[in-house]
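Kindly generate the corresponding structure for this input.
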Amino acid sequence: MLKTFPKGGVHPPENKLTPDKKIEILSLPKQVTIPIAQHIGAPAKIIVNKKDKVKVGQVIAESGGFVSANIHSSVSGTVFKIDNIADASGYKKSAVVINVEEDEWDENINRDTGLIKDFSFDKNEILKKIQDAGIVG
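I've put the predicted structure just below:
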């Protein structure tokens, strides 16, 4: 484990320097690292390989146990590597590194912004959609 902060954490001064600033839309990064262990449960099982093409919203790791969740790609591009990479605490954990190439969404993602007012899903269908979406907490 890396020891980068003093015991008790960091407490920066609360200088409110941005209340009058506009929110900016940033360009996509050249590369992203997506950790596979994103919750307290069992790690997801990586289902992509090096050099695979992925799209935004595509499942890159499937839930691997009772307390587990699907992990989705947040970018479109090519899987550069799958490796153990230090997380925010300094522990090495499985991660998928993706070279970002474009902004293409998975075909299964409904990007319609309209509100669905009437739908007829039963309880099990709703729970399945929540699980498939990787929602935890």
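
Please give me every residue in contact with Leu28.
When the contact criterion is Cβ atoms under 8 Å, 6 or more residues apart in numbering, the partners of Leu28 are Val75, Val100, Asp103. C-beta: built from backbone N, CA, C; applies to glycine.

Keep only those of the residues you listed that are in strands.
When these are checked against strands (DSSP state E), the matches are Val100.

Now rank the contacts of Leu28 by neighbours and give me the top one.
Taking other Cβ atoms under 10 Å as the neighbour criterion, Val75 ranks highest of the contacts of Leu28 with 21 neighbours.

for that residue, what are its contacts?
Listed by Cβ under 8 Å, 6+ apart, the contact partners of Val75 are Leu28, Pro29, Val32, Val54, Val56, Ile98, Val100, Asp103.

Let me know the secondary structure of the first one.
Reduced to three states with DSSP: H, G, I helix; E, B strand; the rest coil, the structure at Leu28 is coil.

where exactly do the strands run in this structure?
Read by DSSP E, the chain holds these strands, from start to end of the chain: 31-35, 45-46, 53-54, 59-62, 71-72, 76-86, 92-102.

mind saving the C-alpha coords of the first one as CSV?
It stands for strand 31-35. Backbone C-alpha positions of strand 31-35 (Å, rounded to 0.1, in the frame of the first residue of the first chain) are rendered in CSV as follows:
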residue,chain,number,x,y,z
GLN,A,31,-6.8,6.6,-22.3
VAL,A,32,-9.0,5.5,-19.4
THR,A,33,-8.4,2.9,-16.7
ILE,A,34,-11.6,1.2,-15.5
PRO,A,35,-11.1,-0.7,-12.2
